[in-house]
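**Q** Next one to model:
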Amino acid sequence: MGAMDPVSSDKLAQWLLGSIELDAAALHVGRYCGPWRASTAGKALASFHLVLAGDCYLHIAGTSVDTPPLRLRARDGVFLTRDVAHFLSPSPDPAAAIERQTMRTLSVPAPEEPGSAGLACGFFRFSGALGPMVMNSFPDYLICRSDEPSLVHTAALFDLILAEAGDPDRPSPLIARLVELLFFYLIRHAAREETLGAGVMALAQRSEFLALLEHMLASPGEDWSIARMAQATHMSRAAFCKHFTEAGGVSPAQFLLRLRMRLATQRLNAGDSVEQAAGHVGYQSHAAFTRAFKRVVGERPGAYRRHQRAA
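**A** So this is what the prediction gives:
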């Protein structure tokens with residue numbers, strides 16, 4: 001199968017924009033000088049590093065010794081969709097990196113120093129009903145290179161982020177919004193290049209499954225039997241289960257369960273009672289809903305609601 005055409009990938013990106021929420025937070029924006037090492041690993045969060053000036057090397061733990069570290073130049077970036085052991089440094093030799101660094105502001109012009117790099121680093125997460133399911137579609141990290149044809153427009157976002165650079169430890173809130181825009185450009189690029197693995201985004205890349213997903217999101221409480229889902233995609237039950245599981249990485253029944261429970265968490269977060277949330281996603285039995293919710297979320301809906309309100 002060839003790469004996704006631009007019209008279809010744009011539709012996928014638009015669908016994602018309407019189905020998920022992306023929250024980014026810039027941790028610091030500044031110029032690293034001298035021997036240095038930067039990492040966002042160990043926080044159990046997805047993260048990003050954007051190279052605003054100079055260049056550096058990305059070292060990912062667990063890569064083959066025969067695979068050289070990845071060089072990142074100005075207007076390149078990396079989005080780590082999982083908490084992967086990694087670090088950035090000015091040298092391709094991982095042994096040359098040290099844990100300390102000197103960071104300066106990027107807003108004041110300064111002569112380029114050998115090994116220096118201007119970086120914007122921080123964290124991001126998906127929220128919304130499909131957030132955790134979308135994350136499973138991505139590889140451990142995605143590289144953004146603004147000189148690639150489908151990412152050429154991202155160069156302007158790098159320039160805007162650089163223009164907002166000020167206090168290294170108190171980044172402008174606008175930087176996080178620009179990072180979110182940048183990531184959605186990267187999502188579209190990944191869709192076109194077919195670098196997405198099994199998961200909700202792989203399902204959304206197929207028109208017959210995209211229509212089904214939209215209907216399930218709009219009406220999660222309806223009777224979504226396997227037969228009805230297969231009918232909606234104009235497939236036999238056997239063909240539907242086979243192709244859905246291959247694309248999504250889980251069976252249709254497992255997907256429906258996860259989707260319903262994620263939508264239920266949204267309703268609980270919005271103030272619904274447990275009974276209202278259960279009814280919205282098609283459960284008339286409080287006990288059945290509680291069992292399903294705990295299986296997916298890890299705690300009973302009542303406890304989840306209390307913890308969220310307290311937070």
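**Q** only C-alpha atoms for contact and neighbour calcs from this point on.
**A** Noted.
**Q** Look up which helix or strand Ala287 falls in, please.
**A** helix 286-297 (DSSP states H and E).
**Q** Now that helix - C-alpha only, CSV.
**A** Presented in CSV, the C-alpha positions along helix 286-297 are these (Å, rounded to 0.1, in the frame of the first residue of the first chain):
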residue,chain,number,x,y,z
HIS,A,286,-24.2,-0.1,37.9
ALA,A,287,-22.3,-3.2,38.9
ALA,A,288,-21.4,-4.0,35.2
PHE,A,289,-20.2,-0.5,34.6
THR,A,290,-18.1,-0.5,37.8
ARG,A,291,-16.4,-3.7,36.8
ALA,A,292,-15.7,-2.5,33.3
PHE,A,293,-14.4,0.9,34.5
LYS,A,294,-12.1,-0.6,37.1
ARG,A,295,-10.7,-3.0,34.5
VAL,A,296,-9.8,-0.2,32.1
VAL,A,297,-9.1,2.8,34.4
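**Q** For that helix, enumerate the helices and strands it packs against.
**A** Helices and strands touching helix 286-297, by 3 or more Cα pairs under 8 Å, 6 or more residues apart in numbering; DSSP states H and E, are helix 252-269, helix 274-280, helix 301-310.
**Q** and the angle for that helix with helix 252-269?
**A** Going by axes from the mean of the first three to the mean of the last three Cα atoms, to 10 degrees, helix 286-297 is angled at 100 degrees with respect to helix 252-269.
**Q** Put together a markdown table for the helices and strands packed on helix 286-297, with mean neighbour count, distance to Phe158 and mean pLDDT on each row.
**A** A markdown table is the format used below for these (neighbours: other Cα atoms under 10 Å; distance: least, Cα to Cα, whole Å; pLDDT from 0 to 100):
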| stretch | mean neighbour count | distance to Phe158 | mean pLDDT |
| --- | --- | --- | --- |
| helix 252-269 | 20 | 33 | 90 |
| helix 274-280 | 20 | 42 | 95 |
| helix 301-310 | 15 | 36 | 87 |
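**Q** and the ones you listed as JSON lines, adding distance to Leu72?
**A** Shown next, in JSON lines, are the helices and strands packed on helix 286-297 (distance: least, Cα to Cα, whole Å):
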{"stretch": "helix 252-269", "distance to Leu72": "36"}
{"stretch": "helix 274-280", "distance to Leu72": "46"}
{"stretch": "helix 301-310", "distance to Leu72": "40"}
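**Q** nearest to Ala292, of those?
**A** Closest to Ala292 of these is helix 252-269 (Cα to Cα; 7.5 Å).
**Q** Touching the closest one from outside, list them.
**A** Residues outside helix 252-269 that contact it (Cα atoms under 8 Å, 6 or more residues apart in numbering) are 128-130, 217, 220, 226, 241, 244-245, 274, 277-278, 280-281, 292-293, 296-297, 305, 308-309.
**Q** Export that helix to CSV, keeping only CA atoms.
**A** The C-alpha coordinates for helix 252-269 follow below in CSV (Å, rounded to 0.1, in the frame of the first residue of the first chain):
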residue,chain,number,x,y,z
PRO,A,252,-13.3,-4.6,18.2
ALA,A,253,-14.8,-5.6,21.6
GLN,A,254,-11.7,-4.5,23.5
PHE,A,255,-11.6,-1.2,21.5
LEU,A,256,-15.2,-0.5,22.3
LEU,A,257,-14.7,-1.2,26.0
ARG,A,258,-11.7,1.2,26.2
LEU,A,259,-13.4,3.9,24.2
ARG,A,260,-16.5,3.8,26.4
MET,A,261,-14.5,3.9,29.6
ARG,A,262,-12.4,6.9,28.3
LEU,A,263,-15.6,8.7,27.4
ALA,A,264,-17.0,7.9,30.8
THR,A,265,-14.0,9.5,32.5
GLN,A,266,-14.7,12.6,30.5
ARG,A,267,-18.2,12.7,31.7
LEU,A,268,-17.1,12.2,35.3
ASN,A,269,-14.6,14.9,35.0
